[in-house]
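Trainee: Here is the input, now give the coordinates:
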Amino acid sequence: MSLPTRPESLRDRQRAQILADISRAAFRLFIERGYDAVTTEEIATAAGVSPRTFFRYVPTKEELLLAPVRHGGAAIVNLLEQRPASESPDVALGNAIITRTRSFDEADCQQWREALLAAPGLLGKVTIHTSADKERAIKLIAERMGADPDVDIRPGLLVQLAFAAADFAFQQWVRRDLTPQPLDRYVTEALEAIKSPYWRRKPKS
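Mentor: Model prediction:
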């Protein structure tokens with residue numbers, strides 16, 4: 001008999017809330033004083049947690065600032081897995097990325113953008129995926145194409161292009177001097193560029 005899952009879900013929610021409190025406190029301090037001037041101890045104090053608790057949740061300031069995108073790839077692949085089978089590979093992957101982008105709270109998203117601008121040296125490290133995320137995505141896209149990714153370059157190429165387009169859109173959103181449009185608009189526009197019949201399932205000969 002399996003153990004009840006509700007206590008674990010409660011712990012997950014509590015953990016997510018603590019991490020959100022730490023993130024908001026850090027972003028506020030980065031905006032006010034600059035990324036380099038803020039210490040982890042000051043972030044912990046502002047978030048109402050001990051330094052020990054801070055490091056239990058976040059290993060470094062850099063990880064804290066990049067985490068929203070750095071861990072987004074896994075969520076995107078999970079969403080891709082759930083997309084309707086009727087969607088073509090490019091549409092399914094694009095919709096997964098856009099759905100993930102729209103899951104961010106708009107106010108939190110804007111604060112995060114301003115915090116990133118306070119740490120320009122980290123912008124080049126912003127990416128929505130890891131190598132493991134790409135490998136999982138390639139397998140799922142290959143299944144939709146009915147293709148062997150070891151022979152057909154299209155699954156890997158589509159994943160590379162889609163993630164690169166999303167990364168570029170994110171960079172554009174962050175770097176805009178004037179108040180930018182919502183992030184999902186940049187991402188949606190970038191992903192429109194990769195839609196093509198080239199990605200469709202090839203008919204069997």
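Trainee: For this structure, give me the ranges with low pLDDT.
Mentor: Where the chain drops to pLDDT under 70, the residues are 1-8, 177-180, 204-205.
Trainee: rerun at 80
Mentor: 1-12, 68-71, 126, 128-129, 177-180, 202-205 (pLDDT under 80).
Trainee: what domains does the record give for the protein?
Mentor: Using automatic domain parsing, the domain parsing of the chain gives 1-59, 61-196.
Trainee: What is the neighbour count of residue 161?
Mentor: For residue 161, the count of nearby residues is 18 (other CB atoms under 10 Å). Yep, even glycine has a C-beta here, placed from its N, CA and C like the rest.
Trainee: With residue 39 instead?
Mentor: Quick note: residue 39 (other CB under 10 Å) scores 12 neighbours.
Trainee: What separation do you get for it and residue 144?
Mentor: 47 Å (CB to CB, to the nearest Å).
Trainee: quick one, phi/psi of residue 83?
Mentor: phi -70, psi 150 (degrees, to the nearest 10).
Trainee: hang on, isn't it packed against residue 95?
Mentor: Yes. Residue 83 lies in contact with residue 95 (CB atoms under 8 Å); the separation is 6.0 Å.
Trainee: What's the separation between the spatially most central residue of the chain and residue 167?
Mentor: The residue lying closest to the centre of the chain (CA atoms, centre = their mean) is residue 72, at 2.6 Å. Counting by CB to CB, the gap from residue 72 to residue 167 is 10 Å.
Trainee: Common neighbours of the two, please.
Mentor: Taking CB atoms under 8 Å, 6 or more residues apart in numbering as the contact rule, residue 72 and residue 167 both touch residue 128.
Trainee: re the thing from before, tell me which of the domains of the chain is the most buried.
Mentor: Of all the domains of the chain, domain 61-196 carries the top mean neighbour count, a mean of 17, counting by mean count of other CB atoms under 10 Å.
Trainee: what separates stretch 160-176 from the chain centre, distance-wise?
Mentor: Between the centre of stretch 160-176 and the centre of its chain there are 11 Å (CA atoms, centre = their mean, to the nearest Å).
Trainee: Equivalent analysis for stretch 170-178, please.
Mentor: The mean C-alpha position of stretch 170-178 is separated from the chain mean by 16 Å, CA atoms, centre = their mean.
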